[in-house]
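**Q** generate coordinates for the sequence data below:
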Amino acid sequence: MTLIITNNQNTKGMVCKYINIKECVIENIENSFNEYIDKNFMNKNLEQFDKIIVDITGFKDTEEEILKAITRIKIIYGIQIIIIALNYKIGNELLSNLFNIGIYDFVISEDEEKQNAAPAVASGRGS
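**A** Numbers count the residues shown, from 1 in each chain. Presented below is the predicted three-dimensional model:
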């Protein structure tokens, strides 16, 4: 089962291309991602999920707040995290910091060619 955390209505359609939506739980957050992690996420029974997809594209939080929140999830739960960061530039500091804490799965574009280039760039091998 996959947990999807987003504030973007289009995320569901994009994720459906790759994952059976019947195997997903979508959490639509309206306010701060960091606040959601503190007040809602930490109270969830996450044993049913094998991965979490976080769509950071439209979050209002600062990059530092996003990094801290995702780091807490990674450290506490040790679960696979996939980051959707549409329109983020290759080499973005937040994406690099997420890579440094052990998150290696990123979706940076709906364009398949750009997406295929992401792993090489995220690991510092791209130009």
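**Q** residues in contact with the residue lying closest to Asn92 once chain neighbours are set aside?
**A** Of all residues not flanking Asn92 in the chain, Ala85 sits nearest, at 7.3 Å (CB to CB, 6 or more residues apart in numbering). Using the backbone N, CA and C atoms, a C-beta is placed for each residue, glycine as well. Shown in contact with Ala85 (CB atoms under 8 Å, 6 or more residues apart in numbering): 56-57, 92, 94-95, 106-108.
**Q** can I get those in a markdown table including pLDDT?
**A** Output for the contacts of Ala85, formatted as a markdown table (pLDDT from 0 to 100):
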| residue | pLDDT |
| --- | --- |
| Ile56 | 95 |
| Thr57 | 91 |
| Asn92 | 92 |
| Leu94 | 96 |
| Leu95 | 96 |
| Phe106 | 92 |
| Val107 | 89 |
| Ile108 | 88 |
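**Q** quick one: which of those residues sit in strands?
**A** Counting by DSSP state E, the part of the contacts of Ala85 found in strands is 106-107.
**Q** and the contacts of Ala85 as a markdown table, adding neighbour count?
**A** Shown next, in a markdown table, are the contacts of Ala85 (neighbours: other CB atoms under 10 Å):
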| residue | neighbour count |
| --- | --- |
| Ile56 | 24 |
| Thr57 | 18 |
| Asn92 | 16 |
| Leu94 | 17 |
| Leu95 | 23 |
| Phe106 | 21 |
| Val107 | 21 |
| Ile108 | 22 |
